[in-house]
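S.K.: when you get a sec, could you give me coordinates for this:
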Amino acid sequence: MDAALAVDARRLGRLLGLSLRTIRTMDAAGKLPRPVRLNGHSVRWTVSEVEKWLAAGAPDRTTWEVLRKDGTTERS
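M.R.: Numbers count the residues shown, from 1 in each chain. Prediction:
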């Protein structure tokens, strides 16, 4: 997907073909994987997790966290 390990909201939007506003709205609504906070303020999404989330069908955050915990992240 990308050579970077983690991306900010703008870069995530470009990777997914979505606007920055859409990324922010989806994040606030819990429709993206939970981002990582660096230094207490920089918000980033790990590219590997976004790839797995997409492969699982892009579920909402709550469902995604359950799938990750259960180890069933691949869609069957």
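
S.K.: where is the longest strand in the protein?
M.R.: strand 42-46 (DSSP state E).

S.K.: who's in contact with it?
M.R.: Contacts with strand 42-46, where a contact means CB atoms under 8 Å, 6 or more residues apart in numbering, come from 5-9, 12, 32-33, 35-38. For every residue, glycine as well, the C-beta is placed using N, CA and C.

S.K.: could you spell out the sheet neighbours of it, each with its direction?
M.R.: Strand pairing for strand 42-46, determined by DSSP bridges: strand 6-7 (antiparallel), strand 36-38 (antiparallel).

S.K.: among those strands, which is the most enclosed?
M.R.: For the strands paired with strand 42-46, the largest average neighbour count (mean count of other CB atoms under 10 Å) is found in strand 6-7, namely a mean of 19.

S.K.: mean confidence for it?
M.R.: What strand 6-7 shows for mean pLDDT is 96.

S.K.: now that strand, how far from the chain's geometric center?
M.R.: What separates the centre of strand 6-7 from the centre of its chain is 10 Å, taken as CA atoms, centre = their mean, to the nearest Å.
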